[in-house]
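Novice: need coordinates for the below:
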Amino acid sequence: MALIFAKLSSKHKAQYIVSKASVGVGLAAMIPVAMLAADVNLPTIESQVSFSIGFVGVLAIFLLAVLNRLAALFKIKSIGFLVVFTVMLALKSSIDIMVWSLGLMSIPLLIDDAIITPIWNNIWYRDYE
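Specialist: Numbering: from 1, shown residues only. Just a heads-up that it's a prediction; the model follows:
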């Protein structure tokens, strides 16, 4: 995508950056929503450790999702996140926040795959090829 990005006009470069940044903001916004949905309560040491491990896992998932949007470094797409979400939900994982994070982070990823990327492909083939 870097080679394609270099060929875009300055107007399209700005719009592309804003559209991809909005996906990143949407991903980041899903972390506190997942915490609310999981009803995080930390009265004991065990629950605090579980939350810490879950939070590290959520950050790892967030980083994978952001890196996936920035470049094709990882072949995990939004459908992959949905599959992992359903597997974790089916296993009734003890770390609820990871389950909710995967499910909620798949929303901006699906929007990017289904709406934003096709729009930019259309712009590319209409204006540049």
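
Novice: the helix or strand harbouring residue 23: which residues count as buried?
Specialist: Assigned by DSSP states H and E, residue 23 belongs to helix 10-37. Buried residues in helix 10-37, counted by 16 or more other CB atoms under 10 Å: 12, 16, 20, 23-24, 26-27, 30-31, 34-35, 37. For the C-beta atoms, the positions are set from N, CA and C on the backbone; glycine is no exception.

Novice: what's the average pLDDT for that helix?
Specialist: Taken as a whole, helix 10-37 carries a mean pLDDT of 85.

Novice: now the element after the helix or strand bottoming out on mean pLDDT in the chain, going C-ward?
Specialist: In the chain, no helix or strand scores lower on mean pLDDT, DSSP states H and E than helix 78-91, which sits at a mean of 66. Moving toward the C-terminus from helix 78-91, the next helix or strand (DSSP H and E) is helix 96-111.

Novice: can you dump the C-alpha atoms of that next one in CSV for me?
Specialist: Output in CSV follows, covering the C-alpha atoms of helix 96-111 (Å, rounded to 0.1, in the frame of the first residue of the first chain):
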residue,chain,number,x,y,z
ASP,A,96,-14.5,-12.1,29.8
ILE,A,97,-12.9,-8.8,28.8
MET,A,98,-10.9,-10.6,26.0
VAL,A,99,-14.1,-12.1,24.6
TRP,A,100,-15.8,-8.7,24.6
SER,A,101,-12.7,-7.0,23.2
LEU,A,102,-12.5,-9.4,20.3
GLY,A,103,-16.2,-9.1,19.5
LEU,A,104,-16.3,-5.3,19.7
MET,A,105,-13.0,-4.8,17.9
SER,A,106,-14.4,-6.8,15.0
ILE,A,107,-17.0,-4.1,14.4
PRO,A,108,-14.5,-1.4,13.2
LEU,A,109,-12.5,-4.0,11.3
LEU,A,110,-15.6,-5.2,9.5
ILE,A,111,-16.5,-1.6,8.7
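
Novice: what's the angle between it and helix 10-37?
Specialist: 150 degrees (axes from the mean of the first three to the mean of the last three CA atoms, to 10 degrees).
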